[in-house]
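need a 3D model of the following:
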Amino acid sequence: MASGVIFLYNLLMNLVEALLDPAAYPEPTDTVELVQTHISWVFLTASHAYKLKKPVDLGFLNFTTLRRRHYYLKQELALNRRLCPEIYLAVLPVCVRGGGVKVGGGGRPLDYVLRMVRLPQERMMDEVADREGLSRDIMDRIIDRLVPFYRQAATGPRINRFGSPRMIAYNHEENFSRIAKCVGRLLSRELFEEIRTFARDFLARHRELFRRRIKEGRIRDCHGDLHMKNICLADGVYIFDCIEFNPRFRYGDVAADIDFLAMDLDFHGFRDLSRYFVERFAAASRDLELLTVVDFYKCYRACVRGKINAVAATEPELPRAAREEARRLARAYFRLAGEYAAEGARWLA
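Residues are numbered from 1 along each chain as shown. Here you go, the predicted model:
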């Protein structure tokens, strides 16, 4: 980090400490729990969740200024209201008032937070899966939520270009340039080359297919991060935490969005449900050609998850055990990407 960013980061760490005080929040709460990702701090009160963005610049996102953090929180609010209007409530300033830090109210903002209704952790899809609670009925409920979402999602010339073979290749090659730095630590050179060769060959062989999907309206302003940790199966189906920081990761083929969740189901050992989900979604959305690109996009999504965990494994503020777990997950996702590449390559042969 540059010295200015380090200084800002240290200031925000002081703010993080202040936001662990229950008195900082507009609603009564006895405790505040802190959960963090590589790009955010999330504070959990008894009834709400408050997200504060980290001042990081990872190339594909930049939250290093107050203006940027405020802007992207507002983007996050608006975009997630498409699927969860009752969960995403407001962007609030964090100010000094009455001798302490307060969320909301007047005064010069120290920073901003996104206020959300707190969802029950035990009903998150990954935790339901761990209890063997997933079923075809649950997958049907998710499909019923997603099909109209994609049908209504924005499209048009500006968005369609993200489904072009050129842009798809750009996204893959950018991914490979980052993953290449993990070779020897988190995946072998042989596995890396197998994955990259499959992706390049598939794209070269199916350029007309990708162009046809643009003409058919399959390129949309999607969710971008559709995996089990971002789905809550409570009194309804809540699909939250879409990509807001870079539209390039959200604009794309509906198949790429759907295959993220399919890949996650595979990763957790639910391959039959994964296959059911993809096939039922393809039928419900009248997009049977989606089945042709399943391995291609699942391979890409597994690589993305591997890359994200590789980044998390280097986060100095994460506990050592969390960094070790991130390394384990990165290796597992890269292995899964290799399985998709091997299967897809057999169909190309």
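
all strands of this structure, in order?
Applying DSSP state E to the chain gives strands spanning 33-36, 40-44, 48-53, 88-97, 100-103, 111-117, 219-221, 231-233, 237-239, 251-253.

ok, now which ones touch the closest residue to residue 101 other than its chain neighbours?
Nearest non-adjacent residue to residue 101, counting by CB to CB, 6 or more residues apart in numbering: residue 18, 3.9 Å away. The C-beta positions use only the backbone N, C-alpha and C, and glycine is treated the same way. Going by CB atoms under 8 Å, 6 or more residues apart in numbering, residue 18 touches 24, 100-101.

so which of those is the closest to residue 336?
Minimum distance to residue 336 across the contacts of residue 18 is 41.1 Å, recorded for residue 24 (CB to CB).

the closest residue in space to that closest one that isn't next to it in sequence and residue 186, how far apart?
Spatial nearest neighbour of residue 24, excluding adjacent residues (CB to CB, 6+ apart): residue 101 at 5.1 Å. As defined by CB to CB, to the nearest Å, residue 101 lies at a distance of 39 Å from residue 186.

so which of the contacts of residue 18 is surrounded by the most neighbours?
Per-residue neighbour counts (other CB atoms under 10 Å) across the contacts of residue 18 peak at residue 24, which has 22 neighbours.

tell me the phi and psi of the residue nearest the centre of the chain?
Central residue of the chain (CA atoms, centre = their mean): residue 225, 3.0 Å from the mean position. Backbone geometry at residue 225, expressed as degrees, to the nearest 10, gives phi -140, psi 50.

which ones are touching it?
By CB under 8 Å, 6+ apart, the contact list for residue 225 reads 241-243, 249, 260.

circling back to that earlier point, using a markdown table, lay out the contacts of residue 18 together with pLDDT and distance to residue 87.
Formatted as a markdown table, those follow (pLDDT from 0 to 100; distance: CB to CB, whole Å):
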| residue | pLDDT | distance to residue 87 |
| --- | --- | --- |
| 24 | 96 | 21 |
| 100 | 85 | 28 |
| 101 | 92 | 25 |
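
closest to residue 153 out of these?
For these, the minimum distance to residue 153 (CB to CB) is 36.3 Å, reached by residue 24.

for residue 145, which non-adjacent residue is spatially closest?
Leaving out its chain neighbours, the residue that sits closest to residue 145 by CB to CB, 6+ apart is residue 237, at 4.8 Å.

okay, now the unreliable bits of the stretch 1-150 of the chain?
Across the stretch 1-150 of the chain, the ranges flagged by pLDDT under 70 are 1-11.

residue 95: how many residues sit nearby?
Here the number of neighbours of residue 95 (other CB under 10 Å) works out to 18.

show me the contacts for the closest residue to it other than its chain neighbours.
Distances taken as CB to CB, 6+ apart place residue 107 nearest to residue 95, at 3.5 Å, with adjacent residues excluded. Residues near residue 107 by CB under 8 Å, 6+ apart: 93, 95-97.

and the longest helix for the protein?
Secondary structure assigned by DSSP state H gives helix 320-348 as the longest helix of the chain.

okay, and the beta partners of the nearest residue to residue 33 once chain neighbours are set aside?
The shortest distance from residue 33 to any non-neighbouring residue, by CB to CB, 6+ apart, is to residue 44 (4.2 Å). Taking DSSP bridges as the rule, residue 44 bridges to residue 33, residue 49.

okay, helices next: where are they in the stretch 1-150 of the chain?
Remark: helices assigned in the stretch 1-150 of the chain by DSSP state H, counting those that start in this stretch are 3-18, 66-80, 125-130, 136-152.

on that earlier part again, and the strands of the chain as JSON lines, adding distance to residue 206?
JSON lines is the format used below for the strands of the chain (distance: least, CB to CB, whole Å):
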{"stretch": "strand 33-36", "distance to residue 206": "40"}
{"stretch": "strand 40-44", "distance to residue 206": "36"}
{"stretch": "strand 48-53", "distance to residue 206": "38"}
{"stretch": "strand 88-97", "distance to residue 206": "37"}
{"stretch": "strand 100-103", "distance to residue 206": "49"}
{"stretch": "strand 111-117", "distance to residue 206": "39"}
{"stretch": "strand 219-221", "distance to residue 206": "15"}
{"stretch": "strand 231-233", "distance to residue 206": "29"}
{"stretch": "strand 237-239", "distance to residue 206": "29"}
{"stretch": "strand 251-253", "distance to residue 206": "12"}
